[in-house]
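>>> Need a 3D model of the sequence below.
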Amino acid sequence: MFLEEEVYGMLHWGFLIVMFIQLLYIISLWKTKQPDRVAFIYLIVYLSLFSLAGVNLLQAINTFEHQNPMGSETASLNMGYAGILWSLSVLFLLRGISRLIWIKR
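Just a heads-up that it's a prediction; the model follows:
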């Protein structure tokens with residue numbers, strides 16, 4: 001995908017900052033609340049899978065660094081991986097939220 005050259009760096013840094021903020025927030029909740037460790041493990045797995053999905057998506061749209069004859073196929077494969085990892089991460093996120101809500105009742 002052709003974008004302005006500086007957009008790729010902004011996407012990488014923006015994604016990294018947002019993921020770091022999520023990680024800090026989940027760690028602070030874990031230390032202050034600690035209602036259910038399994039729920040927080042689900043949330044950590046969500047962060048890990050979502051990070052991998054984001055990395056694959058960012059690799060797929062960055063056509064400047066990976067110029068090879070099979071570039072579009074590689075990008076399609078990376079987008080497929082990103083979609084699968086994203087959907088798995090959402091399942092873990094929903095499971096973690098469900099456990100947090102269930103424990104509070």
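
>>> packing partners for the longest helix along the chain?
As assigned by DSSP state H, the longest helix anywhere in the chain is helix 71-104. Applying 3 or more Cβ pairs under 8 Å, 6 or more residues apart in numbering; DSSP states H and E, one finds that helix 71-104 contacts helix 37-61. For glycine as for every other residue, the C-beta is placed from the backbone atoms N, C-alpha and C.

>>> what helices or strands is the helix it packs on leaning on?
Where contact means 3+ Cβ pairs under 8 Å, 6+ apart, helix 37-61 is packed against helix 5-32, helix 71-104.

>>> quick one: which of these is nearest L49?
The minimum distance between L49 and the helices and strands packed on helix 37-61 falls on helix 71-104, with 3.7 Å, by Cβ to Cβ.

>>> Look up how far A82 lies from I27.
25 Å (Cβ to Cβ, to the nearest Å).

>>> Compare those two (neighbour count), which wins?
Legend: neighbour count by other Cβ atoms under 10 Å for I27 and A82, higher for A82 (21 against 13).

>>> Pull out the buried positions in stretch 95-105.
95-96, 99-100 (16 or more other Cβ atoms under 10 Å).
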